[in-house]
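J.: Have a look at this prediction, sequence included:
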Amino acid sequence: MGHIFLSFTGALVFVSRYEVESHPERNEMRVLLAETRPSPSESHGTHDKDEIHLPRLVCSTQSVVTGSGARSPDETYRDLAIFYLDDQDLFLLEKRESLGVTSGEISTCPTRDNVCSFSWVAPLSAVDPGSESIKPECFEKLKPDPSVIARVALTDGLIHAHLIASDPDEKVIRWIFRPVGDTTRPGSTEEELARAIADSVMYEADFEGDTIELRTRLFRPTDQPKVREVFQSVGSARSIRLRVSREGAVEASVKNMALPDILGTRIPEPVRGEDVHFASVYRMSRQARRRNVPHPVGHCAPSTPGVCEAMPGFLHNGNPNCPPPKAAAFSDASAWDFELP
């Protein structure tokens with residue numbers, strides 16, 4: 001028996017099949033990674049060309065099992081194996097509607113009793129009302145809406161908050177949500193509503209044996225040369241096989257971040273500012289409104305915990321980390337009518 005820990009960070013959004021509050025068990029999620037490259041009709045806007053986010057699966061090179069048709073890493077960096085996820089679906093386990101979501105009431109700052117609650121993931125319905133519904137085209141089996149660069153299907157296991165957004169000195173930050181560049185002084189009501197948010201989310205599950213197969217499938221023609229080398233055609237699939245460590249676990253991460261943040265080479269800034277990259281997720285919205293993004297307004301008490309104890313050592317560099325939000329549940333059967341390759 002093995003156990004996988006898979007963290008999620010960056011410009012992505014969590015979409016559950018059923019409302020999490022009423023279905024903390026027997027649920028499913030699609031994780032939609034946002035395309036951040038500007039379209040021909042757009043300027044780079046808040047994204048410098050060197051800050052384009054890249055959809056990647058990252059793990060230890062020692063975890064990767066090659067041969068017998070399995071994918072080899074598209075890139076390696078020191079002891080990291082990096083798999084490109086451009087224009088692909090990623091599938092894990094076979095069971096359907098078996099995902100549990102860790103619940104727990106929250107307020108403005110986490111406590112040791114609720115630091116793992118999925119509720120720390122910022123809800124679009126609260127931070128930008130009206131923008132929480134995702135376009136149905138984002139769930140098309142093949143050739144989905146261009147606002148989506150990759151997707152992950154979570155159908156079994158458990159999902160919860162992992163790392164709460166903090167400063168480099170580990171002080172948990174309280175945030176408000178406003179349009180990019182809004183520098184006006186926060187009002188008293190905003191100050192009262194400011195709260196901590198999750199920087200990364202952890203998925204974990206048991207699996208049989210000492211290796212796990214992650215299946216990837218190309219869902220549209222791709223302009224990424226390395227991905228074209230992997231897949232024969234749209235709709236074709238290839239597996240990534242990972243082995244457990246001596247502790248019986250597989251550790252990996254799905255990131256949609258700039259390359260320095262994926263590799264952990266960026267030196268974190270001493271003070272985190274507004275997270276402009278958050279705005280990328282609104283491209284997937286049916287009707288994006290103000291495109292509010294996180295602005296820091298203060299800190300929680302020094303003793304506030306910033307990491308869920310489930311896997312405290314699974315951390316990563318990155319500044320900003322683009323805290324991922326959650327969208328409204330999308331129960332349309334067509335979004336969940338997919339075969340696992």
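T.: Received, thanks. Numbers count the residues shown, from 1 in each chain.
J.: For the rest of this, base every contact and every neighbour count on C-alpha atoms.
T.: Will do.
J.: Quick check: what element follows the helix or strand of the chain with the lowest mean pLDDT along the chain?
T.: Least confident helix or strand of the chain, by mean pLDDT, DSSP states H and E, is helix 188-193 with a mean of 79. The helix or strand immediately downstream of helix 188-193 is strand 198-207, counting by DSSP states H and E.
J.: Pull up the pairing partners for that next one, direction included.
T.: Applying DSSP bridges, strand 198-207 is found paired with strand 2-10 (antiparallel), strand 156-164 (antiparallel).
J.: Quick one, which of the ones you listed gets closest to Ala310.
T.: Evaluated over these, closeness to Ala310 peaks at strand 156-164, with 7.8 Å, by C-alpha to C-alpha.
J.: Just the residues contacting the closest one, thanks.
T.: Applying C-alpha atoms under 8 Å, 6 or more residues apart in numbering, the contact partners of strand 156-164 are 7, 28, 93-103, 115-121, 172, 196-206, 306-308, 310-311, 315.
J.: at 7 Å what do you get?
T.: Applying C-alpha atoms under 7 Å, 6 or more residues apart in numbering, the external contacts of strand 156-164 come out as 93, 95-102, 116-118, 120-121, 172, 196-205, 306-308.
J.: mind checking how far that strand is from the chain centre?
T.: 11 Å (C-alpha atoms, centre = their mean, to the nearest Å).
J.: Equivalent analysis for stretch 90-109, please.
T.: With C-alpha atoms, centre = their mean, you get 13 Å for stretch 90-109.
J.: Likewise for stretch 56-69?
T.: On C-alpha atoms, centre = their mean, the centre of stretch 56-69 falls 20 Å from that of its chain.
J.: In that stretch, which residues are buried?
T.: Arg56, Leu57, Val58, Cys59, Ser60, Thr61, Ser63, Val64, Val65 (16 or more other C-alpha atoms under 10 Å).
J.: Specify the local secondary structure of Gln287.
T.: Secondary structure for Gln287, judged by DSSP: H, G, I helix; E, B strand; the rest coil, is coil.
J.: And for Ser233?
T.: From three-state DSSP, the assignment for Ser233 is coil.
J.: can you pull the pLDDT of it?
T.: Predicted confidence (pLDDT) for Ser233: 96.
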